[in-house]
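Peer 1: could you look at this predicted model? Sequence included:
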Amino acid sequence: QVQLVESGVGLAQPVGSLRLSCAASGFTSDHYAIGWFRQAPGKEREGVSCISSSDGNTYYADSVKGRFTITRDNAKNTAWLQMNSLKPEDTAVYYCNYKSMYTSGSYWGQGTQVTVSS
């Protein structure tokens, strides 16, 4: 059974840090690109960051560049999003996504609420 389970503490103060994880089971993630998306209340879901399946190339939205870091460990079937220098505008539900590079397979995590507030 394919499953993505997100975890991580979801409350931080401005300029604080949080780390989200996304653990996959039921498939091998080697040939999957991994992305993190977020959706704030009343807004469209937006891409935050992604990492390729092969060479580890990464992409960051301008709004998080220099503050967020995406990593993956294929041996552990797990990806992480390290979020530093958090801002109140980072408040959103964060979702991980594993997308196959060779098939139409695409899997989503359950979503994790991240709140940045003093």
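Peer 2: The structure has been received and is ready for your questions. Residues are numbered from 1 along each chain as shown.
Peer 1: can you pull the contacts of the nearest residue to Cys22 once chain neighbours are set aside?
Peer 2: Ranked by CB to CB, 6 or more residues apart in numbering and with sequence neighbours excluded, the top spatial neighbour of Cys22 is Cys96, at 3.4 Å. For the C-beta atoms, the positions are set from N, CA and C on the backbone; glycine is no exception. Neighbour list for Cys96: Leu4, Glu6, Leu20, Cys22, Ile34, Gly35, Trp36, Phe37, Ala79, Leu81, Trp108, Gly109 [criterion: CB atoms under 8 Å, 6 or more residues apart in numbering].
Peer 1: any idea whether Asp30 is helix, strand or coil?
Peer 2: helix (DSSP: H, G, I helix; E, B strand; the rest coil).
Peer 1: report how many residues lie close to it.
Peer 2: With neighbours defined by other CB atoms under 10 Å, the count for Asp30 comes to 12.
Peer 1: since that was my last question, I'll sign off now.
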